[in-house]
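# Got a predicted model here, sequence first, then my questions.
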Amino acid sequence: MATIGFIGIGNMGTGMARNLVGAGHEVTVFDLDAEKASGIEGAMVAASGEAAAAGRDIIITMLPAGPIVAKVYRDTIIPNAAPDTLFIDCSTIDVETARILAEEAHGAGFRMLDAPVSGGVAGADAGTLAFMVGGSAEGFAQAEPILGVMGAKVVHCGEAGAGQGIKICNNMMLAIQMISVAEGFALAEKLGLSPRSLFDVSSAASGQCWSLTTYCPMPGVGPQTSADKDYQPGFAAGLMHKDLGLAMEAASGVGADVAFGRAAYDVYERMVEAGDAGVDFSGVIRGKRGVS
């Protein structure tokens, strides 16, 4: 079993760390919110990030933004980690920062992987996340058994930064699809059509996608989703807005045409500005339906 330091125990990190403990790993956690860190039965709670990083086989981070990730690695993890510690950053950040940090870690004698996730809080709790991993083949081989405890699908996407790149492309597609499904249901409703009929037809026809068949934004049809729980967040609109911003930044850097991605970014920006950053991203349908 591995000794693991886990820094960043938020909504996602909590379930991930619990699954590592459940698999028998020795897990030490740290979060600025001590209450969150202390809520994982079987994990040791470190008094500081430095203490969580010291003497571990593997360090996993789950942090909210690129500048924070960079600061934690530069100031806390790299100076305090034991030789040969493997770094796995599961945050969603910009590709360039991921690549720079991997280079800095390599220069200090460490392997570092970017391994953002998809699957939301439910996937983190159930251990069914999808991991998109960037970094060396050697680092991936070492990390794969650990990531497999927390996820149902672990894919090596390429060298450093590739995991982050795949994640933002995936989430841009997801946002576009969710908005299209929301607009379809809103139009059907205004035409006086049955939402159940639209679901039954489209989920087996050419309009099918994950945002319809698995995570339908219309309450009362399909499998139970956030829509049936007043849009309590599995994946908050504010996080989708952040990821779309990363996608727009990346697209600008390489001159990619992402017109629908830009439109999706604008939709979620309006949702955030309206005070709905904490609402599930599928709640975008409320604006389309004209309901609150």
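Here it is on my side, so go on. Predicted model, so just to flag it, every value in this text is computed and none were measured.

# List the contacts of Gly290.
Ala186 (C-beta atoms under 8 Å, 6 or more residues apart in numbering). From N, CA and C alone the C-beta is placed, and that goes for glycine too.

# Please apply the same query to Ser203.
Counted by C-beta under 8 Å, 6+ apart, Ser203 has contacts 212-213, 222.

# What of Gly109?
Gly109 sits in contact with 83-84, where contact means C-beta under 8 Å, 6+ apart.

# same check, this time on Ser226
Contacts of Ser226 by C-beta under 8 Å, 6+ apart are 215, 232-234, 280, 282-283.

# Tell me the confidence at the nearest residue to Ile93 once chain neighbours are set aside?
Among residues not flanking Ile93 along the chain, Gly66 sits closest, at 3.7 Å (C-beta to C-beta, 6 or more residues apart in numbering). Listed pLDDT for Gly66 reads 95.

# Give the burial count for Gly66, as a bare number.
21 (other C-beta atoms under 10 Å).

# again with Met12
24.

# swap in Phe87?
Count around Phe87 with other C-beta under 10 Å applied: 28.

# One more: Trp210?
Neighbours of Trp210 using other C-beta under 10 Å come to 13.

# ok so, going back, can you name the residues that contact the residue nearest to Ile93?
So Gly66 contacts 91, 93-94, 97 (C-beta under 8 Å, 6+ apart).

# quick one: which of the contacts of Ser203 is nearest Glu41?
Among the contacts of Ser203, Gly222 lies closest to Glu41 (C-beta to C-beta), at 34.0 Å.

# Contact partners for the nearest residue to that closest one once chain neighbours are set aside?
Nearest residue to Gly222, sequence neighbours excluded (C-beta to C-beta, 6+ apart): Cys216, at 3.9 Å. Counting by C-beta under 8 Å, 6+ apart, Cys216 touches 181, 199, 222-223, 225, 227, 282.

# hang on, Cys216 in a strand?
No. Read with DSSP: H, G, I helix; E, B strand; the rest coil, Cys216 is coil and lies in no strand.

# Ranking helices and strands of the protein by mean pLDDT, which lands last?
Confidence across the helices and strands of the chain bottoms out at helix 34-37, with a mean of 85, counting by mean pLDDT, DSSP states H and E.

# Could you list the buried residues of that one?
36-37 (16 or more other C-beta atoms under 10 Å).

# Distance from the chain centre to it, please.
Using C-alpha atoms, centre = their mean, to the nearest Å, the mean C-alpha position of helix 34-37 is found 20 Å from that of the whole chain.
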